[in-house]
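In: Next comes the sequence, and after it the predicted model I'd like to discuss.
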Amino acid sequence: HRSFCWEHSPQQALQPRPSQDNTCTICLDTVEDKVSYKTMGCPACQDARFHRQCIQRLALHAGIGFRCPCCLNQEPFMMEMLTMGIRLSKRPPSWESDQEVGPSDQSHGRCDAAMCLCPGGREHTEADG
């Protein structure tokens, strides 16, 4: 891995974004209105903005499926993130190997709230959701 001081670290060349839409594409929390060490963006669509921590977490979980969460671009996006110091994982996405995740055609069968307020109880379900 290459290492840089704060003065010589790589900088992203992204277009400024209107200040009314400064949300992280991943966590939906507010980001800075300009790119910085903590705020990054997608070089392909120029639209996605995210916190460094959010995109790093996504990169580690996505593994070989890592791509822009907004436009789904992979190659230029991945190369830019590597240049900016985001570590990537060479494994399948964590959600493909997660043992706790069941088949997608099954619905959850009970309420997990600490205090269930459903009159029918925790196990009550309806056919349409």
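Out: That came through, no problem. Quantities reported herein were computed from a predicted structural model and do not represent experimental measurements.

In: excluding its backbone neighbours, what's nearest Cys111?
Out: Arg122 (4.5 Å; CB to CB, 6 or more residues apart in numbering). In this view, the C-beta of every residue, glycine as well, is placed from N, C-alpha and C.

In: Quick check: phi and psi at that neighbour.
Out: phi -60, psi -30 (degrees, to the nearest 10).

In: Could you report the neighbour count for it?
Out: By the criterion of other CB atoms under 10 Å, Arg122 has 12 neighbours.

In: For it, list the residues it contacts.
Out: By CB atoms under 8 Å, 6 or more residues apart in numbering, the contact list for Arg122 reads 110-111, 116.

In: Please pick the buried ones from those.
Out: Cys111 (16 or more other CB atoms under 10 Å).

In: Reformat the contacts of Arg122 as a markdown table; add pLDDT and secondary structure.
Out: As requested, these are exported to a markdown table (pLDDT from 0 to 100; DSSP: H, G, I helix; E, B strand; the rest coil):
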| residue | pLDDT | secondary structure |
| --- | --- | --- |
| Arg110 | 75 | coil |
| Cys111 | 80 | coil |
| Cys116 | 84 | coil |
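
In: Asp29: which of the contacts of Arg122 is nearest?
Out: Minimum distance to Asp29 across the contacts of Arg122 is 27.7 Å, recorded for Cys111 (CB to CB).

In: mind checking how far the closest one is from His124?
Out: According to CB to CB, to the nearest Å, Cys111 and His124 sit 8 Å apart.

In: circling back to that earlier point, let me know the pLDDT of the residue nearest to Cys111.
Out: The model reports Arg122 with a pLDDT of 82.

In: Check the offset of the helix or strand of the chain with the lowest mean pLDDT from the chain's centre.
Out: Using mean pLDDT, DSSP states H and E, helix 94-97 stands out as the lowest-scoring helix or strand of the chain, at a mean of 74. Centre-to-centre, helix 94-97 and its host chain are 15 Å apart (CA atoms, centre = their mean, to the nearest Å).
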